[in-house]
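*Asks:* fold the following.
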Amino acid sequence: MLKRFGNFLLALLVFVVSFLVLVVIQNAVVIFAAINFGMPLEESTPLAVFAGHVGFIVVFGLWYGILKSRYAKRSIKKVATPRNLGGLLVLSLGLSFFMSYGLAIADPLIPEAIVEEYMKIMENAQLGESLLTNLAGCFLAPIGEELIFRGLMLYFLMKVIRGTKNEKVLFWVVNLIQAVCFGAFHMNLYQGMYATVLGMLIGYMAYKSNTILVPILIHMIYNVSQLVLMEPIGTALPENTIIYVLLMVAGLVVMIVGMRIVKFHKEESVKEEVAA
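*Replies:* Modelled structure (predicted):
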């Protein structure tokens, strides 16, 4: 019992450290840029965002590597097949449509102040405008955030329930915990809501595949598609709830098809390791 509690505390420690790393690195970059180059906050923000995500990869990559480096070769072999890569692409694109148009349907129900706060954060980060922010959002964030939430957090939380009678049911409890933490990590309610749902779905795929590479790839394809695909489609489409519902349902169907395509032969039990 004490060991389980210790693993739960380790999961919470990962969450706390992620905030500390983000705050320390981003503030250090902003202060350094202001003092040495006279850069105002709006100019140094993309650099701070980029540096923060690099920090995640370094700090949590080392932590994760200490625990799981022996599984790296096996994980690559498991994922890097035409069937699995194709299935993950289909799954991720379906997920992108499902989440985007689910949000479009829910938007009228969300208080305007919450949406405005989110839009202001995206504007300050210069997402879609700054090369550094775009690179961080599309490629660095999926690696760093997956190491934190579906890698380390889910790993320690699974140790809490491992060997229990209802482990498969309790997985959804710990999966929800890491997903809620993933949502809270974004520090605004609008993004937090959809990030929680996204975290649940990606967490399930981490559990099913038993490798961190799968959630990284899903997250990466999802973020890239949001930037280069969903925004132009959203601009071109008329604002119509029926169209949104149809696209959301289509996205769900495509996502499920993608899940059915991927196939992982596990050499080790999920009970032994999660997200190797």
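*Asks:* and the helices in the stretch 51-200 of the chain, which stretches?
*Replies:* In the stretch 51-200 of the chain, the helices defined using DSSP state H, counting those that start in this stretch lie at 72-79, 82-106, 112-125, 131-135, 141-146, 154-161, 167-185, 189-209.
*Asks:* give me the helix or strand of the chain that scores worst on average pLDDT.
*Replies:* In the chain, the helix or strand scored least confidently by mean pLDDT, DSSP states H and E is helix 72-79, which has a mean of 82.
*Asks:* can you tell me which of the helices of the stretch 51-200 of the chain comes nearest to Leu13?
*Replies:* Comparing the helices of the stretch 51-200 of the chain against Leu13 with Cβ to Cβ, the closest turns out to be helix 154-161 (8.5 Å). Backbone N, C-alpha and C define where each C-beta goes, glycine included.
*Asks:* angle of that closest one against helix 189-209?
*Replies:* 70 degrees (axes from the mean of the first three to the mean of the last three Cα atoms, to 10 degrees).
*Asks:* and helix 154-161, how far out from the chain middle?
*Replies:* 18 Å (Cα atoms, centre = their mean, to the nearest Å).
*Asks:* and if you look at stretch 193-212?
*Replies:* 8 Å.
*Asks:* and for Asn27, the neighbour number?
*Replies:* Residues within reach of Asn27, counting by other Cβ atoms under 10 Å, total 12.
*Asks:* so what's it closest to, chain neighbours aside?
*Replies:* Ala48 (7.8 Å; Cβ to Cβ, 6 or more residues apart in numbering).
*Asks:* does the one you found touch Gln26 like I think?
*Replies:* Yes: taking contacts as Cβ atoms under 8 Å, Ala48 lies within contact range of Gln26: 4.2 Å.
*Asks:* compare the two (neighbour count), which wins?
*Replies:* Neighbour totals were compared for Ala48 and Gln26, and Ala48 leads with 24 against 20 (other Cβ under 10 Å).
*Asks:* what's the angle from the strand or helix carrying the more buried one to helix 154-161?
*Replies:* Ala48 belongs to helix 41-68 when assigned by DSSP states H and E. Relative orientation of helix 41-68 and helix 154-161, computed by the same axes, to 10 degrees: 50 degrees.
*Asks:* let me see the mean pLDDT of helix 41-68.
*Replies:* Helix 41-68 comes out with an average pLDDT of 94.
*Asks:* which positions in it come out as buried?
*Replies:* By neighbour count on 16 or more other Cβ atoms under 10 Å, the buried set for helix 41-68 is 44-53, 55-57, 59-60, 63-64, 68.
*Asks:* what's it packed up against?
*Replies:* Contacts defined by 3 or more Cβ pairs under 8 Å, 6 or more residues apart in numbering; DSSP states H and E place helix 41-68 against helix 2-37, helix 112-125, helix 131-135, helix 141-146.
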